[in-house]
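Undergrad: Quick one, what's the 3D model for this:
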Amino acid sequence: MDLHFGDSKPTDEERAAVDALLGPAESSWEGGDRTDADLRWARGGRAARDRRDLLLPGLHAVNDRIGWISEGALGYLCRRLTVPPAEAYGVATFYAMFSVTPRPATVLHMCTDLACMAAGAGELCAGVEARLGPGSGVSIERSPCLGLCERAPAALAVRAGDPVRTAVSAPAAVEAAVLAASAPDAAPEEPSAVTAVPQAGDPSLVLLRRVGVVDPSSLDDYRAHGGYTALRRAFELGPAGVIREVTDSGLVGRGGAAFPTGRKWQATASQPDHPHYVVCNADESEPGTFKDRVLMEGDPYALVEAVTIASYAISAHRAFVYIRGEYPRAVRRLQYAIDQARARGLLGDDILGQGYRLDIEIRRGAGAYICGEETALFNSIEGYRGEPRSKPPFPVERGLFGKPTVENNVETLVNVLPILTMGAPAYAAIGTGRSTGPKLFCVSGSVERPGVYELPFGATLGELLALAGVRDRLRAVLLGGAAGGFVRPDELGVPLTFEGTREAGTTLGSGVVMAFDDTVPLPRLLLRIAEFFRDESCGQCVPCRVGTVRQEEALARIVERTGAGAADDIALLRDVGRAMRDASICGLGQTAWNAVESAIDRLGAYE
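TA: Reported below is the predicted structural model:
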């Protein structure tokens, strides 16, 4: 069905929300008042089309102010940006945090993913739903991972208005979650980022050394603890020198793909097509992952400095940080850091008097795991549905807005700072020959001290779990999150390196380590993983769109039979899993079978 501009009009509040972002409409062609001049020619159409990338912020503006996106509000936003309504509707309905049907101004997102499920999220949701039934003015939505796994179970309340209000309850009890939803301003303040870093204060830390030590809102405090030393060093080396240091350090991407960062930067910098862009991927939606959130909340200026260095190295003058919509405090902290850096001459037209110009913009996601894939993220920023693109061409050739682009996640970029301050040889001496430097691990589940841990590459899984205080009766450990694989309690000697985990038949992924004791029902856990992938598949390719559904159906049948007579369904799962792995466009479908396969083959989940 094609959607055309209808007769619905935006309310004054909806119009104000859009105008606050885009400015007042200049003509009736953009939804403003009609004038005689408008009848003679159209003005502003080309300029409006060039602002298509403001579609996602515009949808956020309406959703934040009203709580949902009406037909009138969507039509007005489409006129302002000259976006076909059918396309905008497709974008608005792509994201889980938006609604195009009326709902209460307050939405309570209750995490039901792996860590929260193991911590009793099912009982918590039932208790909250009993307290906040119809007529309470609260919409309760069972949500995938909120990135608060160290404080599971977790809930996030969002109350629309001007300004939008948010409150986090984690670890959540029924009363605390109800308070967050009914009175977000009165809810207890969220714990600081340092509570997620059990090693805080350890002088041997590299990436986490400032978390809990530095005031995350103070630029002066950041600089007093070594901040902007790396950027000054970058200006001394020049762009080619920076890329050479990063290459010599052996730094590889920390998002899971482990692609050499220096090669990516060099390939982008050498492209004759301009402009170049840097995109920081802070859309860490993998269940069990929360390290980027801790870095942005506890040390935001480090990310601003790192993005500046990456942009300088590849001659980019505009950079984006794409942060998942479930991280309101990280958005606030990073935006404040960007504003302070700009006011102090550390962003803008003449950074540190070196004649280099750069600005950084934040884009908020809205609840779509697939947008963690780099090309889906580009589409999302550009104002399209967050669906992956076929490759090649690769982002270093044609990325954001069709131009050469470097995409790295938060942890990868923050590693650039110690590389420049200590030098590539000293950095490369940390870890192992093929996996250099320190690595952040997100530990949650059946441990005494969940949180983000920093260890050099090469430490074993057992050493990490000993730091976290693994509980008795360990049943399994999930490495890499929902897209990763399980290992047994007798395999804790696995070295935590990319090559070590591959040789052990599993994956390191982004650094997720989730421990489960024998109180966690493994078949239910696997079913939740399958439900996650079914919900998060963008539906663009048949193997993933159909395969994730068939995988969930088979696992549901096995659970209903409590494992009896599962042989036929396990055979079906293997066929479906191979098809998804071989034929899916992107990593979501290619890895959707990994955890289930490892649970069957390594853990004997249904024996």
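Undergrad: So which elements touch whichever strand or helix holds residue 14?
TA: Taking DSSP states H and E as the definition, one finds residue 14 inside helix 12-22. For helix 12-22, the packing partners by 3 or more Cβ pairs under 8 Å, 6 or more residues apart in numbering; DSSP states H and E come out as helix 55-66, helix 71-81. Placement of C-beta: from N, CA and C, glycine included.
Undergrad: what separates it from the chain centre, distance-wise?
TA: Distance of helix 12-22 from its chain centroid, counting by Cα atoms, centre = their mean, to the nearest Å, is 27 Å.
Undergrad: Can you tell me, leaving aside adjacent residues, what's nearest to residue 446?
TA: residue 517 (4.1 Å; Cβ to Cβ, 6 or more residues apart in numbering).
Undergrad: separation between that neighbour and residue 443?
TA: Counting by Cβ to Cβ, to the nearest Å, the gap between residue 517 and residue 443 amounts to 14 Å.
Undergrad: Compare the two and say which one has the larger neighbour count.
TA: Neighbour tally, residue 517 and residue 443, criterion other Cβ atoms under 10 Å: the higher count belongs to residue 443, 26 against 17.
Undergrad: Assign that one to helix, strand or coil.
TA: Put simply, residue 443 is strand when judged by DSSP: H, G, I helix; E, B strand; the rest coil.
Undergrad: ok, now which ones touch residue 347?
TA: 304, 308, 338, 341, 358-360 (Cβ atoms under 8 Å, 6 or more residues apart in numbering).
Undergrad: Can I have the buried ones of these as a ChimeraX selection?
TA: Selection command for ChimeraX covering only the buried members of the contacts of residue 347, criterion 16 or more other Cβ atoms under 10 Å:
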select :304,308,338,341,358,360
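Undergrad: Closest one of the contacts of residue 347 to residue 467?
TA: residue 304 (29.8 Å; Cβ to Cβ).
Undergrad: Now the closest one: which helix or strand?
TA: Going by DSSP H and E, residue 304 is in helix 300-314.
Undergrad: Name the next helix or strand following that helix along the chain.
TA: Defined by DSSP H and E, the subsequent element after helix 300-314 is strand 316-323.
Undergrad: report the angle between the axes of that following strand and helix 300-314?
TA: 140 degrees (axes from the mean of the first three to the mean of the last three Cα atoms, to 10 degrees).
Undergrad: does residue 167 count as helix, strand or coil?
TA: Quick answer, by three-state DSSP: residue 167 is strand.
Undergrad: now the longest helix anywhere in the chain and helix 300-314, what's the angle there?
TA: With secondary structure taken from DSSP state H, the chain has its longest helix at helix 229-249. Calculated by the same axes, to 10 degrees, helix 229-249 forms an angle of 60 degrees with helix 300-314.
Undergrad: Run the chain-centre distance for helix 229-249.
TA: Taking mean C-alpha positions (Cα atoms, centre = their mean), helix 229-249 and its chain are 27 Å apart.
Undergrad: residues in contact with whatever helix or strand comes next after it?
TA: Per DSSP H and E, the first helix or strand lying C-terminal to helix 229-249 is helix 261-269. Here helix 261-269 makes contact (Cβ under 8 Å, 6+ apart) with 239-240, 243-244, 246-249, 251-253, 276, 310, 313-315, 395-397, 404-406, 408, 412, 415-416.
Undergrad: repeat that for 6 Å
TA: Contacts with helix 261-269, where a contact means Cβ atoms under 6 Å, 6 or more residues apart in numbering, come from 243, 246-247, 251, 276, 313-314, 396, 404, 406.
Undergrad: Reformat those residues as CSV; add pLDDT and distance to residue 264.
TA: Below are the contacts of helix 261-269 laid out as CSV (pLDDT from 0 to 100; distance: Cβ to Cβ, whole Å):
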residue, pLDDT, distance to residue 264
243, 98, 10
246, 98, 9
247, 98, 10
251, 97, 10
276, 98, 12
313, 98, 11
314, 98, 9
396, 97, 6
404, 98, 11
406, 98, 6
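Undergrad: Among those, which one lies nearest to residue 473?
TA: For the contacts of helix 261-269, the nearest to residue 473 is residue 251 (38.5 Å; Cβ to Cβ).
Undergrad: where along the chain do the strands fall?
TA: Under the criterion DSSP state E, the chain contains strands at 106-111, 138-143, 155-159, 165-169, 276-282, 316-323, 359-364, 405-409, 438-445, 451-456, 474-479, 485-487, 512-517.
Undergrad: These: which one's closest to residue 26?
TA: Taking the strands of the chain one by one with Cβ to Cβ, strand 359-364 is closest: 22.7 Å.
Undergrad: what comes into contact with the closest one?
TA: The contact list for strand 359-364, computed with Cβ under 6 Å, 6+ apart, reads 60, 307, 319-323, 325, 335, 338, 347, 381.
Undergrad: could you dump the contacts of residue 347 to TSV with pLDDT and distance to residue 152?
TA: Converted to TSV, the contacts of residue 347 look like this (pLDDT from 0 to 100; distance: Cβ to Cβ, whole Å):
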residue	pLDDT	distance to residue 152
304	98	30
308	98	35
338	98	31
341	98	34
358	98	38
359	97	37
360	98	32
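Undergrad: Closest to residue 182 out of the contacts of residue 347?
TA: residue 338 (33.1 Å).
Undergrad: Run through the residues that contact that closest one.
TA: Residue 338 neighbours (Cβ under 6 Å, 6+ apart): 304, 360.
Undergrad: From residue 215, how far off is it?
TA: Distance from residue 338 to residue 215, by Cβ to Cβ: 17 Å.
Undergrad: what does residue 132 give?
TA: 37 Å.
Undergrad: What is the neighbour count of the spatially closest residue to residue 235 that is not a sequence neighbour?
TA: Distances taken as Cβ to Cβ, 6+ apart place residue 354 nearest to residue 235, at 5.1 Å, with adjacent residues excluded. Look at residue 354: counted by other Cβ under 10 Å, it has 12 neighbours.
Undergrad: Next: residue 150.
TA: Applying other Cβ under 10 Å, I find that residue 150 has 28 neighbouring residues.
Undergrad: pretty sure it is touching residue 451, no?
TA: Yes: between residue 150 and residue 451 there is a contact under Cβ atoms under 6 Å: 4.8 Å.
Undergrad: Name the residues contacting each of the two.
TA: Joint contacts of residue 150 and residue 451 (Cβ under 6 Å, 6+ apart) are residue 196.
Undergrad: okay, now residue 53: neighbour count?
TA: Around residue 53 there are 18 residues (other Cβ under 10 Å).
Undergrad: can you check residue 123 too?
TA: Neighbours of residue 123 (other Cβ under 10 Å): 11.
Undergrad: Return the distance of it relative to residue 112.
TA: 11 Å.
Undergrad: go on, residue 135?
TA: 24 Å.
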